[in-house]
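# Structure here, sequence nowhere to be found:
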């Protein structure tokens, strides 16, 4: 189905369009980029680049039980989980 080209202004944002393309038209977008020699502008679809937090930033250290316990304690203290656990314990008991 052919559609006439749409005119966009310089102020048009593309965040919603990029999210839609990456979610529903990933294959077609990458194929069009490859066929036409276009750079892949959606970071989550480009090779070596990602906009997701899982690969952003420095590499993660390897998993060990000691590191897991340390991270868990940091999270419990930082997120005030200790108080929440005490409230649950007092409420239940």
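Ah, there it is. This structure is a prediction, so every number in the text was calculated from the model and none was measured.

# What count of nearby residues applies to the closest residue to residue 45 other than its chain neighbours?
Nearest non-adjacent residue to residue 45, counting by Cβ to Cβ, 6 or more residues apart in numbering: residue 22, 5.6 Å away. Using the backbone N, CA and C atoms, a C-beta is placed for each residue, glycine as well. Residue 22 has 16 neighbouring residues, counting by other Cβ atoms under 10 Å.

# Give me the distance between residue 22 and residue 69.
The gap separating residue 22 from residue 69 is 36 Å, by Cβ to Cβ, to the nearest Å.

# and what of residue 7?
58 Å.

# Assess the claim that the residue nearest to residue 45 and residue 42 are in contact.
Yes: in this structure residue 22 lies within contact range of residue 42 using Cβ atoms under 8 Å: 5.2 Å.

# rewinding a little: ok, the residue nearest to residue 45 - contacts?
By Cβ atoms under 8 Å, 6 or more residues apart in numbering, the contact list for residue 22 reads 29, 42, 44, 45.

# Cool, thanks, signing off.
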